[in-house]
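A.B. asks: Let me see the structure of the following:
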Amino acid sequence: MRCIVVTVLLLLISASTLAAPPSGIPKIDLNQAVVSMVVGTSVPGDYLPVPKECQEPNVICLRYPLWFTVTPILPVYGYPPKGQIVVSTYSHYGQPEKDDASSPRLILLFSQADQAVMPVNASARLVHRKDGEYFFIIYWENPLPWLPCGVSQARESILARDFPNSIDRPRDDYDVEQAPGLFRYHGKTASPRYGISMTRLRQYLEKHHPLAADFHCAVPEHES
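C.D. replies: Numbering: from 1, shown residues only. This next block holds a predicted model:
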């Protein structure tokens, strides 16, 4: 009986860390929002009601509201919400794919009053190096337009052999052809030269303390 009671209590505690799904995109005051960044795994949630302006005749909206959940693996900047996080955002690409710890996401969050919003497209797929360090691999110029422009200073040289899974691209891949200087070539394949580790990204952000308004870089967006 004691085991059953303990199990129920643990389930209740776990459930209490997960906020209820939102009824719409919360309004966040960027001047008061808590800015944070987290590495975590995501699970698709559901779509939110279509905004009224998108229901007007002759109006085509390219982004629609949705929510999903994030289970944090490690904090990168600020003070992310504890436990599982319900995240609201607008997206053109639909729900994020379900992740696992070998290939989680870096996610930017603006939080206020227990509500968390991810700016449009403000997430990126990560991979882990054999030593366990998480990396964002650089395949194109200015790859993260939702981070401060100076973050490029945090990049470092990498070797494909240090990663358990292949990070190479075909030599005729579009990204390779657009930014040939970012790759090393081996026959028909190309290996990325640079990546940004979460350790170095954390150090950069902690040094510069960017606010919510600083999280952007005026370059063309790229799907990640």
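
A.B. asks: ok, what's across the strand from residue 77?
C.D. replies: On the basis of DSSP bridges, residue 77 is bridged to residue 37.

A.B. asks: looking at it, it is touching residue 204, isn't it?
C.D. replies: No - at 9.2 Å, residue 77 does not count as touching residue 204 under the criterion of CB atoms under 8 Å. In short, each C-beta sits where N, CA and C put it, glycine included.

A.B. asks: who has more neighbours, those two?
C.D. replies: Per other CB atoms under 10 Å, whichever of residue 77 and residue 204 has more neighbours is residue 77, with 22 against 19.

A.B. asks: Which pLDDT value does the model give that one?
C.D. replies: Residue 77 carries a pLDDT value of 97.

A.B. asks: please begin residue numbering at 48 from this point
C.D. replies: Sure thing, new numbering starts at 48, so read that last one as residue 124.

A.B. asks: Just list the residues touching it, thanks.
C.D. replies: Residue 124 makes contacts with 82-84, 248-249, 252-253, as judged by CB atoms under 8 Å, 6 or more residues apart in numbering.

A.B. asks: Return the subset of those residues lying in strands.
C.D. replies: 82-84 (DSSP state E).

A.B. asks: Residue 154 - nearest residue in space that isn't next to it in sequence?
C.D. replies: Among residues not flanking residue 154 along the chain, residue 170 sits closest, at 4.6 Å (CB to CB, 6 or more residues apart in numbering).

A.B. asks: quick one, helices of the chain?
C.D. replies: Assigned by DSSP state H, the helices in the chain fall at 49-63, 221-225, 245-255.

A.B. asks: Where does pLDDT dip in this structure?
C.D. replies: Under the criterion pLDDT under 70, the flagged ranges of the chain are 48-66, 266-271.

A.B. asks: domain assignment for it?
C.D. replies: Annotated domains of the chain cover 67-172, 174-262 [automatic domain parsing].

A.B. asks: my guess is residue 133 contacts residue 69, does it?
C.D. replies: Yes - contact criterion CB under 8 Å: residue 133 and residue 69 qualify, at 6.8 Å.

A.B. asks: how much space between the spatially closest residue to residue 136 that is not a sequence neighbour and residue 113?
C.D. replies: Nearest non-adjacent residue to residue 136, counting by CB to CB, 6+ apart: residue 165, 4.1 Å away. Look at residue 165 and residue 113: by CB to CB, to the nearest Å, they are 10 Å apart.
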